[in-house]
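[1] missing the sequence, but the structure's below:
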């Protein structure tokens, strides 16, 4: 936690309180803060800022002098369409995409997504993973997450409306590399605009997409791109790929 | 495992055998291969290729028609100097850096590296994590890994010899962004050469570097660069950062 995010209901300026056990433990054990110390906080969906610790009990921390004067960092202008991964991987993926600042996430079914993944109890805990990601990345604005259990209807009927400009799909067996794709688009756009980066990125999970899926995505305008012959863990691939947006934003 | 790597001692062309229990389990349980099926293999430190399953027992798989005709992918031309992280994070970091193709890794001490990390039994298992990373990334050539328990002597006496051209240190509080740094260097180099990418990248662990460390690194020519205001998990930061080399290579 690089900041502690509080719901609006726990803030009454210039005061606020921390009730969440994980946050309280963090203040005590990791930050080792004392009465009078300053803490980095934020309001969920609002601004970032600081507060001073006014009172501490094992179940509650009272904050005073709460100042919420810093706007959260801009979101990355991208929608990630992600094949639902193994539950074990889902938590870190949601955390990382949130910390990176992805604006929209669509979890979809794919041929290589096992049916059991959709029954995972972790799917009911996405808000937790998002909170972890926001507190890691020092942001207050949650990504919008939607779930699409049917691949074909989503791709054929809804995907096109999300593509405000270009779209890509990560596919190790494509002929075009991401670098070639970006160079080609940079030549077409004015220098230093962000227009070179597509608005939608589709990322498969372990095992990737099958050809039928790539064809369906291509029919909606998703260009397949590879990132070299090395095969990365889904988490690593997501960070390499979305790192392009992060670095353009910084 | 996207390929199964065998030591030279288990290969006698055109035959080979798999004795490693994890690899045998993978062939049975994950790949569900049968007699006569083709398997993607490689020789540690040698070529990649294929083999046919000739005989299977619970403890051994005999391969025939072994063909090792494909060179492994090129390494990324970079030395990563990494502050030794928590043992729990070390395994995935070594795996990811190996899968990405980092050529040299130096694990060093830093102010925020706890002394206990150097006593972790995981440090004796780096070869395992490297093997996992190679089999993930479909490569055969292990990164060279060295350990430097003393920060100052390493930085002052050895670091300069590793910097064949530029060096950077990831530091959220620097004024220059990685993007600005790369743009500046791209202007100085011929287009599409890889010279814009530094030869050494220093990456702190959780909590990053202290100012004293940044100053010592700067004195040896390491330019501090940030990647925006968002703070990433070490693993995520490593993938975002080294993704630049991967994409340049692809």
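    Noted; the coordinates are in hand. On a predicted model such as this, the values are computed, not experimentally measured, just so you know. Residues are numbered from 1 along each chain as shown, chains lettered A, B, ... in the order given.

[2] From here on, just use CA atoms for contacts and neighbour counts.
    OK.

[3] Just give the closest residue to residue A:99, not the sequence neighbours.
    residue A:137 (4.1 Å; Cα to Cα, 6 or more residues apart in numbering or on different chains).

[4] Where does the record place the domain boundaries for chain A?
    Split into domains by automatic domain parsing, chain A comes to A:4-70, A:76-249.

[5] out of those domains, nearest to residue B:30?
    Smallest distance to residue B:30 across the domains of chain A (Cα to Cα): 11.5 Å, for domain A:76-249.

[6] list the buried ones in the helix or strand that residue A:92 is a member of?
    Using DSSP states H and E, residue A:92 sits in helix A:87-100. Across helix A:87-100, burial judged by 16 or more other Cα atoms under 10 Å in any protein chain shown covers A:87, A:90, A:91, A:92, A:93, A:94, A:95, A:96, A:97, A:98, A:99, A:100.

[7] Kindly provide the distance from the second one to residue A:111.
    Residue A:90 sits at a distance of 17 Å from residue A:111 (criterion: Cα to Cα, to the nearest Å).

[8] same check, this time on the fifth one
    Counting by Cα to Cα, the separation of residue A:93 from residue A:111 is 19 Å.

[9] go on, the first one?
    Distance of residue A:87 to residue A:111, given as Cα to Cα: 16 Å.

[10] Please, where are all the helices along chain A?
    A:21-25, A:87-100, A:126-137, A:151-157, A:159-162, A:178-188, A:211-219, A:234-249 (DSSP state H).

[11] lowest-confidence stretch among the ones you listed?
    Of all the helices of chain A, helix A:178-188 carries the lowest average pLDDT, namely a mean of 82.

[12] List of residues touching it?
    For helix A:178-188, contacts defined as Cα atoms under 8 Å, 6 or more residues apart in numbering or on different chains pick out A:195, A:196, A:197, A:225, A:226, A:227, B:247, B:248, B:250.

[13] for stretch A:241-249, same thing?
    By Cα under 8 Å, 6+ apart, the residues outside stretch A:241-249 that reach it are A:76-77, A:100-101, A:194, A:197, B:178-179, B:227-228, B:239-241, B:243.

[14] do the same with stretch A:136-149
    With contacts defined as Cα under 8 Å, 6+ apart, stretch A:136-149 is touched by A:1-3, A:5, A:42-48, A:72-73, A:98-109, A:130-131, A:134, A:154, B:229-233.

[15] Out of the residues you listed, which end up buried?
    The neighbour count (16+ other Cα under 10 Å) marks A:1-3, A:5, A:42-44, A:46-48, A:72-73, A:98-109, A:130-131, A:134, B:229-233 as buried among those.

[16] about what we covered before: now render the domains of chain A as a markdown table, adding distance to residue B:9.
    What follows is these, written out as a markdown table (distance: least, Cα to Cα, whole Å):
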| stretch | distance to residue B:9 |
| --- | --- |
| domain A:4-70 | 48 |
| domain A:76-249 | 25 |
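
[17] Tell me which of those domains is the most buried.
    Ranked by mean neighbour count, the domains of chain A are led by domain A:76-249 with a mean of 19 (mean count of other Cα atoms under 10 Å in any protein chain shown).

[18] what distance separates that one from the centre of its chain?
    Taking Cα atoms, centre = their mean, to the nearest Å, one finds the center of domain A:76-249 at 10 Å from the center of the full chain.

[19] Span of it from start to end?
    First-to-last residue span, domain A:76-249, Cα to Cα: 7 Å.

[20] Equivalent analysis for stretch A:20-38, please.
    18 Å.

[21] which two in the buried residues of helix A:87-100 are spaced the farthest apart?
    So, the buried residues of helix A:87-100 by Cα to Cα: farthest apart are A:87 and A:100, at 20.1 Å.

[22] so residue A:214 touches residue A:224, yeah?
    Yes - between residue A:214 and residue A:224 there is a contact at 7.4 Å, judged by Cα atoms under 8 Å.

[23] shared neighbours, these two?
    residue A:169.

[24] For residue A:197, what are phi and psi?
    Dihedral pair for residue A:197: phi -90, psi 130, per degrees, to the nearest 10.

[25] dump the residue contacts of it.
    Contacts for residue A:197 (Cα under 8 Å, 6+ apart) come out as A:166, A:182, A:185, A:245.

[26] where does the nearest residue to residue A:17 once chain neighbours are set aside sit relative to residue B:56, distance-wise?
    Spatially, and ignoring its direct neighbours in sequence, residue A:17 is nearest to residue A:62 (4.6 Å; Cα to Cα, 6+ apart). Counting by Cα to Cα, the separation of residue A:62 from residue B:56 is 65 Å.

[27] ok, now residue A:139?
    According to Cα to Cα, residue A:139 and residue B:56 sit 53 Å apart.

[28] Now do the contacts for the residue lying closest to residue A:78 once chain neighbours are set aside.
    Spatial nearest neighbour of residue A:78, excluding adjacent residues (Cα to Cα, 6+ apart): residue A:199 at 4.8 Å. For residue A:199, the contact set (Cα under 8 Å, 6+ apart) comprises A:77, A:78, A:79, A:162, A:163, A:164, A:165, A:166, A:167.

[29] just the residues you listed now: which is nearest residue B:29?
    residue A:79 (34.9 Å).

[30] Bridged to the closest one, which residues?
    With DSSP bridges as the criterion, residue A:79 is bridged to residue A:104, residue A:200.

[31] Would you check that it makes contact with residue A:106?
    Yes - Residue A:79 lies in contact with residue A:106 (Cα under 8 Å); the separation is 7.4 Å.

[32] Now for these two: what residues contact both?
    Counting by Cα under 8 Å, 6+ apart, no residue touches both residue A:79 and residue A:106.

[33] Could you list the contact residues of chain A toward chain B?
    Residues of chain A lying close to chain B (Cα under 8 Å from any Cα of the partner chain) are A:2, A:73, A:96, A:99-100, A:136-139, A:177-179, A:227-233, A:236-237, A:239-244, A:246-250.

[34] cutoff 6 Å now
    Within chain A, the positions near chain B by Cα under 6 Å from any Cα of the partner chain are A:137-138, A:179, A:227-228, A:230-232, A:236, A:239-240, A:243, A:247, A:250.

[35] Let me have these in a markdown table, adding distance to residue A:218 as columns.
    Output for the residues of chain A next to chain B, formatted as a markdown table (distance: Cα to Cα, whole Å):
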| residue | distance to residue A:218 |
| --- | --- |
| A:137 | 33 |
| A:138 | 36 |
| A:179 | 19 |
| A:227 | 18 |
| A:228 | 20 |
| A:230 | 23 |
| A:231 | 22 |
| A:232 | 23 |
| A:236 | 24 |
| A:239 | 23 |
| A:240 | 22 |
| A:243 | 23 |
| A:247 | 27 |
| A:250 | 31 |
